[in-house]
Structure formats: structure tokens, C-alpha cells
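Engineer: this one's structure only:
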């Protein structure tokens, strides 16, 4: 490949309304648009949007490291995984920055070689993927109204942020969702690690009859996740406990979760995500890919990763609606709860 220059542009995306989780309120997201340009004139764009509250480096760490990375290295297209692993080893602790640079490289290689991303990684992808709608912590009636609107828009899967100060509020809202929208609605809840082990055991016991698709990260610790998995009938999804390929291997081998939530921005990009997808498939564990409230550029990359997953589950990619204004038009718009990647 020709000589490459790295440039970046900081961005801030404001939320049109604060989004509340059990860990706090999110009102904006900051990141870097990464631009790689070769002397042939081709460019590749990537997104580095750190989210330290959910497991990445800080924005300041991303910004500081971006000034010192030499992106001129030899890429072996016959062994792209090891090429990138070797190059990124010094910044393995900066997953968001790795995601952004890897994405930019993938797009640049695609243009330079006139090949698709699928050809680069030698894996087919699906044309269409399902998407879940996501609802933050909101008052009871507002949650019901918003759920109804999402169903009207064609979504059949809702992910609800849970972990309110009073579990009884979570429980009453979930009961109302079932009563109002029936068993056909797939419901996921995301606790973001808020509950203690004893709380999780007790709370999930009360939720067993509601037929939840899964509860995401009900407890914070990995060992608590293992203990909980043996004491509940509710399916468990690992999110914050999953930040490296080794984490995934441990979760799978210990049978700590039924689902793995993959956030490419928190994992370091496509290559680490793909390694986890392959290992999960070998062990019959299902993966769901979600965004991390990054810009349209990073969200598009996450959508491509989701298209590589071999199941029919809904992925968490409907986050662009929460921004006042994004950086560009979304190439992967959602229609009837689905994204068509090859229109």
C-alpha cells in the first residue's frame, strides 16, 4: 500500500433528550473521526468514540495517543488478523482508538484494492439484519407510549434500561408491557451491572414468568455472573464483563451467559469482534452486536459486524435517533425494525 497519513477531527454529538441508565444520565458523546489518506488519493474513515463509563479508555487518552501513531506498516492481506493484532498491540488498552483506525484501514484497503470488506476478512454477511429499539429509564406511562410507537414502526424487540432505585418500579413497567403488548413482543432488559448478586437472584425470580428474552449484565462482576447463571431460569447476556477476546473465552467456558453482547467500539473493532463471533458459534452461544452511542460512521461499522453474525436476533443499532444531529446521513436506515445493508 502507498504511504499513509493519519488525520483526525474531534466531534461532540448532543442528545435531543438526556438518556438515563442505571449508571447515570448521558447527554452527549465525544469522539474522533479518523481519516487515513494514501498518496494515491484514496481515503478511509473510522470512528473512535471512547466510553470510559462502560469499559473503554477516556476521550483524553484517545486524543493524546492519536498524535503518535505511525500507520505505515506492512499489511498481509492473507493474514489480516495477525497483521492488525501485531500493529495494534501497543494500544491494546485503547479499544475505541483501535476501532477507529481499524475501520479506517478496512475502508482504505477496500478502495485501494477494489475489494469488499467481506473479501478482506473472507467471510460472507447477511443482506438484512433485525434491530431492537432501546428505551432509557423513563416514567411508567412514557415507557408504554414509546413502546407502542416503536411497535407501530415495525420493531418486534424492545430493550429496556432497568435498575431503578426501586425494583418494584422496574417490575410494574415490565408487567404492563406484557399486559398491553402481549407475548409477541420480545423484551430485553439491561441493568448495566446495577444489582448485587443477592438482588439479582431475588429480582430475576420475580421476572421468570414474564418471558424475557434475556437480562443484560444484571450484576457487575464476572464471578457474580457465573454464580447467578446457576440460580436463575432467566437467560443472561454479558456486556460490561466482555471487553476482550479472552473475556469471551472465559464467559463461554464457564457457562456464565447465554448471550454475548458485542460492542465493536469497546472491543477494539471488527477483528476482535469476529474472533469472538467465531468462538461463540463453535460453542453454540448467540451474539448480539450493539452500538455504543457513537456517530453514524462507527454505527455503520457496527452494522457490518452485526451482518456477520449467523442468527436471527435483533441487534442494538437504533441509537442515532437520540442525537440532535449526526455527522452525516445514515446509509443504513431502519425500516420496519430492519436494516437492509445492500439497497
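Structural biologist: Nice, thanks for sending it over. It should be emphasised that the depicted structure is a prediction, and the values quoted were computed from it without experimental measurement. Numbers count the residues shown, from 1 in each chain.
Engineer: need the strands for the chain, in chain order.
Structural biologist: Applying DSSP state E to the chain gives strands spanning 4-21, 24-38, 43-48, 128-130, 133-135, 157-161, 186-190, 214-216, 236-238, 259-262, 286-289, 334-335, 338-340.
Engineer: So for residue 76, which of these sits nearest?
Structural biologist: strand 4-21 (15.8 Å; CB to CB). C-betas here are computed from N, CA, C, even on glycine.
Engineer: Show me what that closest one is packed against.
Structural biologist: Counting contacts by 3 or more CB pairs under 8 Å, 6 or more residues apart in numbering; DSSP states H and E, strand 4-21 is packed against strand 24-38, helix 59-66, helix 95-113.
Engineer: isn't residue 211 right up against residue 183?
Structural biologist: Yes. With contact defined as CB atoms under 8 Å, residue 211 counts as touching residue 183 (6.3 Å).
Engineer: The two: who's more crowded?
Structural biologist: residue 211 (12 against 9; other CB atoms under 10 Å).
Engineer: Residue 127 is in contact with residue 339, correct?
Structural biologist: No. Applying CB under 8 Å, one finds residue 339 not in contact with residue 127, separated by 9.7 Å.
Engineer: can you pull the pLDDT of the nearest residue to residue 237 once chain neighbours are set aside?
Structural biologist: Spatial nearest neighbour of residue 237, excluding adjacent residues (CB to CB, 6 or more residues apart in numbering): residue 259 at 3.8 Å. pLDDT recorded at residue 259 is 98.
Engineer: go on, residue 1?
Structural biologist: Taking residue 1 on its own, its pLDDT is 61.
Engineer: now swap in the one 10 residues further on and tell me
Structural biologist: For residue 11, the pLDDT comes out at 98.
Engineer: Repeat that for residue 343.
Structural biologist: pLDDT, residue 343: 59.
Engineer: Isn't residue 102 up against residue 273?
Structural biologist: No. Counting by CB under 8 Å, residue 102 sits too far from residue 273 to count as a contact (10.1 Å).
Engineer: what sits against the residue lying closest to residue 225 once chain neighbours are set aside?
Structural biologist: Residue nearest to residue 225 in three dimensions, not counting chain neighbours: residue 256, with 4.5 Å by CB to CB, 6+ apart. Residues in contact with residue 256 (CB atoms under 8 Å, 6 or more residues apart in numbering) are 222, 225, 226, 229, 236, 238, 241, 250.
Engineer: of those, closest to residue 215?
Structural biologist: residue 236 (6.0 Å).
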